[in-house]
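In: Return a 3D structure for these sequence lines:
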Amino acid sequence: MKLRYSLAVLIAFGLAGCQSILKEEPAKGTLPTGKKVLVDDGTCPPGQVKQVTGATAGNPRIKECVPMPKG
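Out: Have a look, this model is predicted:
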């Protein structure tokens, strides 16, 4: 039983590091403050992807082009 629990924890933490790339930005008001998502909507140069960081109400999201993650 202990082994199963250990494997489940390792898998969960391993998957937490994986970040999927969205095709479009999340709808307004749905991205929590400080949460970062990657968006491949064609607005960044080749080899880069847009990183969007959620902001507090009334403030704009932070958007910047970052290198495409490997893997």
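In: so where's the protein uncertain?
Out: 1-18 (pLDDT under 70).
In: can you give me the strands in it?
Out: 21-22, 36-39, 48-53, 62-67 (DSSP state E).
In: Report all helices and strands that the last one contacts.
Out: Read it as strand 62-67. Judged by 3 or more CB pairs under 8 Å, 6 or more residues apart in numbering; DSSP states H and E, the packing partners of strand 62-67 are strand 48-53. Heads up, the C-betas are built off the backbone N, CA and C, glycines and all.
In: 10 Å - rerun?
Out: strand 36-39, strand 48-53 (3 or more CB pairs under 10 Å, 6 or more residues apart in numbering; DSSP states H and E).
In: Which residues belonging to that strand are considered buried?
Out: Judged by neighbour count (16 or more other CB atoms under 10 Å), strand 62-67 contains no buried residues.
In: Parallel or antiparallel, list what pairs with it.
Out: strand 48-53 (antiparallel) (DSSP bridges).
In: Send over the partner strand as CSV, restricted to the C-alpha atoms.
Out: Output in CSV follows, covering the C-alpha atoms of strand 48-53 (Å, rounded to 0.1, in the frame of the first residue of the first chain):
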residue,chain,number,x,y,z
GLN,A,48,8.4,31.3,-29.2
VAL,A,49,5.0,31.2,-27.5
LYS,A,50,3.0,33.8,-25.6
GLN,A,51,3.0,33.6,-21.8
VAL,A,52,0.0,35.1,-20.2
THR,A,53,-0.1,35.9,-16.5
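In: buried stuff in that strand?
Out: 49, 50, 51, 52.
In: wait, doesn't residue 26 sit right on residue 37?
Out: Yes - between residue 26 and residue 37 there is a contact at 6.5 Å, judged by CB atoms under 10 Å.
In: Now do the shared contacts for the two.
Out: 52, 54, 61 (CB atoms under 10 Å, 6 or more residues apart in numbering).
In: Between these, which sits nearest residue 67?
Out: Nearest to residue 67 among the shared contacts of residue 26 and residue 37 is residue 52, at 15.4 Å by CB to CB.
In: wait, what's in contact with the closest one?
Out: By CB under 10 Å, 6+ apart, the neighbours of residue 52 are 22, 25-26, 31, 35-39, 41, 61-64.
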